[in-house]
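A.B. asks: Sequence plus the predicted model coming up.
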Amino acid sequence: MSANPADTQAPAMTAGLTSARTAPIASAAATLTDGSSGTTPVAAALAAGNAGPVTLSATPAAGVKVPAHERIVLSNGMTLIVMPRHDIPLVSFNAVLRGGESAAAPGKSGVASLVAGLLEKGAGKRDAFAFVDAVEGVGGTFNAAAGPESIAIRGQFLARDQQLMLELLADALQRPRFKLEELENLRDRQIELIKAAKDSDPSELIGTYGRAYLFQGHPYARPVIGSESSLASLTHRDIVDYYHTYFRADQLTLIVAGDVDSVWLKKAVTKAFSDWPRSKRPPVVLPQPTRIKERSVLLVDSPGSVQTYFWIGNVGVDRHYPDRAALDLANTLYGGRFTSLLNTELRVKSGLSYGARSGFTRGSVAGEFAIRSFAQTQDTGRALDLSLQTLQQLKHSAVTQEMLDSARAYVLGQYPLDFETAMDWTVALGEIELYGLGAGYIENYSSQLQSVTLPQVQSVIETAFPAPDAVAIVLIGDAAALRGEVGRYGPITEMPLIQPDFDFRAGNRL
Amino acid sequence: MNKSFGSHFLAVGSLTAAVEPDVSPVPGRELVRATTLANGLNIIVWPVHNIPSVAMNNWVRAGSRNEAPGITGLAHFFEHMMFNGTTRRQPGEFDRLMEAQGGANNAFTSDDVTVYQDWFPRNALELVLDLESDRVANLAFAPAVIESERGVVWSERRLRVDDNNQGMLSEQVQATAFVSHPYRFPTIGWPADIQSWRLEDLQKFFKTYYAPNNLTLVFAGDVVPERVFELARRYFEHIPRQAPPQEVRAVEPEQLGERHFVIKRKAQTPLVQIAYKAPAAADLRGPAVNLLLSILVDGDSSRLHRLLVEERQLAIEVGGHWQEGFDPGLLWLFLTLPEGTDPAEVQAAVDAELANVVEHGVTEAELDRAKNMTAAGFWKKLATIDGKAQLLGEYEVFHGDWGKLFDAPAQFDRVTRAEVQAVAREILDKRRRTVGVLVPEEGTDAEADEA
């Protein structure tokens, strides 16, 4: 019903009022997909099966089929995908623009996020207040957010309001106002929100510090949210430049799913976007990041913190990694579910931590593999030792056929839950388009999972997971108490949590 | 399907733009089946066949409201212990068996209830009922496991409270707002109590609250209701009913004046939380309370967001929450301030705006917007089997009847401006509120820290 800033995991979980078994760790995986992880929009479909005869659906093992849809490319290069679902009178959309934070100029991190945020702050004939009144007045949602390689605008409206929806989207994409006053307000607010996160949820920022440290010199190092100092340096010119470079018809894929009239929609979209020019620049191609070969420690000092929040990572694999099914099974066993090796050691057996997880972030080039957990300050060394030992154990073929079968059943069993609503489908198809994956990425996944063998799992463990002596270890905690303890893992670099950059080199803006 | 394209025109640049709320009937009521076993176990099933999966919630009517000084946090600790072994199954086997058949689980505890959640493929239905009944019938308490789980809860407390300024402040506000009612206890537990729960405390709590007649099982997803009932009888009906738990008799006395305190902590951004005494979940004015809160803080067009964040830049984040529980609880406002802002100035701005709402009420456009946003949120939840299971459980447990879920949009639609103003006048009373302020302690700004 109402947003509670203290806890965005679940509406029922108010600060201090409610405690969940595992929620905060699960959210660590939110950054694993490109796009607007922080602004999950309203989903769109009431269940089918509310009317008509009961038809028993396939078992999970039979896999997920992509529902019928139409894909057209307009003469200016814009891609439109329409997936009609007439079960309930709601329409969802996902507009994905290539580029994202990785496309910005060095020292300008946060520019894509600011551009995204400003799309809702006045466009076309509406100023900022009129725009949000138009959306919320009809109970619609409209959220734009940047990711490492895209900006995604997602929303949902009642079917009766789909003309308004399209008008708002066309205005936001083609006619944003970028009023200086709105820019300054949003920029200053974003700076303060980062400070607030440092005060109340340092664990949420650990991945940002981790990527800044691991990907030094690569665009993936850049904080998507920006940093206090990079944001402060952004000018109106930066915003407008970014917009004119990347907001172009051939960079956009628009996916609309739900109760739409596809004949009308195709006509209306063509009319609304046909004057939008193509980009004159070639698409951004990111360099391949290189793996680190030594172990080192970044210690982010939060004086008085009673717990240490840690991240252990190295460069992993990309979206087109051919052994994705085997990789997902290996990670499920290592740190992807409650009974994983990692959670069993750090939580179940030792009681050191509320939870421990691992995951691969896979972009157009290799993102990171990372472990995340936390433990009270005096147990930091024990928790780090256990994390590295389980990684060693994994590397030395700890996986048995029984474990593999269990992981397979788990991933197969949970997979259909990702494709329940029209909004889920707009998000899934957006990823497929952004990374050029094809429908087989979804439809063949179940059969790929079923054919994975033990040697294949062992092979991805060997090649995609880092060795425990070649990882970056990033800690947010009380440096005075930790300094002596963590030197044994490698050379330590220190920086204060309140430093206004995520890069350890003070004054170096990413 | 009515498709009236081209007929929709919205007033532009005006705050009075209003679109009549859409009150579509909620489909599905005729599909839901419910039964009560001989031992009092309540079961509700909503068959939905869009994906081959099932969401199950087990609602236990026990939360931190059922605790006492010295054992605070016990309901939540118990939630953790429910995964840690039975007389038939070793600690950890619950999760191992469930995951090996494709299921995942979680659980949460609030002031009022503890809820266990499973999401699984439909062919794991029998296993899930077996596992869920086993831990209600045969829970075991291994001393070593109790100690290790105590450490896990400590770690959770550090994450949510001790290293978290928002969490720290809300714990203090809640403890200050109530003098008699157990709603003053933090659900995670006071530190000294986390240290001292004993085996006997757990055994007594289990026998009292984890009786079948104190539970409601909810299923939504790819199941046939009769099959669920048959399996529930097989696995649950032998578990004996217990005497109903004692009622919570504490009634919070009328608050006679504002309570206000200031905490100094390591911080960059000051925080203000304001908690007003508010009605219980089942109160008939509930929809009006929710719409009032939505008008105040829901979305960027809400009153307090627009005033404090956009117009005056006195806050960077504004939120609210009505604690809808069995007993009268709190209506919260959460404010995060930019560094260097005077909390008194923010409070004065909030007070003036709330006084304005009490005196002049809300506009028709604001009320329609709140109704539309509430309806959209409702449909969003109903779009998934997880949301359906949650809503059925909430209406059954807090409103006494799952069927009321299907009347919810109509209930909200009937609320008038006068009713919203009436609940604003009653709730937004300074004498019945607690204000907690968190400001940076001196010497924790950037320069001092680096010295």
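C.D. replies: Yep, it's here. Numbering: from 1, shown residues only, chains lettered A, B, ... in the order given.

A.B. asks: which residues of the stretch 51-200 of chain B fall in strands?
C.D. replies: Ranges of strands in the stretch 51-200 of chain B, per DSSP state E, counting those that start in this stretch, are B:53-60, B:104-109, B:114-121.

A.B. asks: just checking, B:Ala232 touches B:Val45?
C.D. replies: No - if you go by C-beta atoms under 8 Å, B:Ala232 and B:Val45 don't touch, sitting 9.3 Å apart. Where you see a C-beta, it was placed from the backbone N, CA and C, and this is true even at glycine.

A.B. asks: And those two? Which one has more around it.
C.D. replies: Counted by other C-beta atoms under 10 Å in any protein chain shown, B:Ala232 and B:Val45 do not tie: B:Val45 has more neighbours, with 27 against 21.

A.B. asks: Against chain A, how distant is the closest residue to B:Asn213 other than its chain neighbours?
C.D. replies: Excluding the flanking residues, the one nearest B:Asn213 by C-beta to C-beta, 6 or more residues apart in numbering or on different chains is B:Gly40, at 2.8 Å. Noted for B:Gly40: a distance of 25 Å to chain A, by C-beta to the nearest C-beta, to the nearest Å.

A.B. asks: how many other residues sit next to B:Gly40?
C.D. replies: As a burial measure, B:Gly40 scores 16 neighbours (other C-beta under 10 Å).

A.B. asks: the bottom helix or strand of chain A by mean pLDDT?
C.D. replies: Ranking every helix and strand in chain A by mean pLDDT, DSSP states H and E puts helix A:23-26 at the bottom, with a mean of 36.

A.B. asks: what about A:Ala95, helix or strand, and which?
C.D. replies: Using DSSP states H and E, A:Ala95 falls within strand A:90-98.

A.B. asks: quick one: buried residues of the next helix or strand after that strand?
C.D. replies: For strand A:90-98, the following helix or strand on the C-terminal side (DSSP H and E) is helix A:111-119. Residues of helix A:111-119 classed as buried: A:Val111, A:Ala112, A:Ser113, A:Leu114, A:Val115, A:Ala116, A:Gly117, A:Leu118, A:Leu119 (neighbour count, 16 or more other C-beta atoms under 10 Å in any protein chain shown).

A.B. asks: Mind telling me which residue of chain B is nearest chain A?
C.D. replies: Residue nearest to chain A within chain B (C-beta to the nearest C-beta): B:Gly102, separated by 1.8 Å.

A.B. asks: Relative to A:Leu454, how far out is that residue?
C.D. replies: Computed as C-beta to C-beta, to the nearest Å, the B:Gly102 to A:Leu454 distance reads 20 Å.

A.B. asks: who has more neighbours, those two?
C.D. replies: B:Gly102 (27 against 15).

A.B. asks: if we can go back for a sec, test for you: state the pLDDT assigned to the residue nearest to B:Asn213.
C.D. replies: In this model, B:Gly40 is scored at 97, pLDDT.

A.B. asks: Any idea which residue of the stretch 401-510 of chain A lies closest to chain B?
C.D. replies: A:Gly413 (1.8 Å).

A.B. asks: Give me the helices and strands touching the host helix or strand of that residue, please.
C.D. replies: Assigned by DSSP H and E, A:Gly413 belongs to helix A:401-414. If contacts are counted by 3 or more C-beta pairs under 8 Å, 6 or more residues apart in numbering or on different chains; DSSP states H and E, helix A:401-414 sits against helix A:324-331, helix A:445-451, helix A:454-464, helix B:93-100, strand B:104-109, strand B:114-121.

A.B. asks: Any chance of the ones you listed in JSON lines with distance to A:Gly107 and mean pLDDT as columns?
C.D. replies: Compiled in JSON lines, the helices and strands packed on helix A:401-414 are given as follows (distance: least, C-beta to C-beta, whole Å; pLDDT from 0 to 100):
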{"stretch": "helix A:324-331", "distance to A:Gly107": "34", "mean pLDDT": "98"}
{"stretch": "helix A:445-451", "distance to A:Gly107": "40", "mean pLDDT": "97"}
{"stretch": "helix A:454-464", "distance to A:Gly107": "32", "mean pLDDT": "97"}
{"stretch": "helix B:93-100", "distance to A:Gly107": "45", "mean pLDDT": "97"}
{"stretch": "strand B:104-109", "distance to A:Gly107": "42", "mean pLDDT": "97"}
{"stretch": "strand B:114-121", "distance to A:Gly107": "44", "mean pLDDT": "98"}
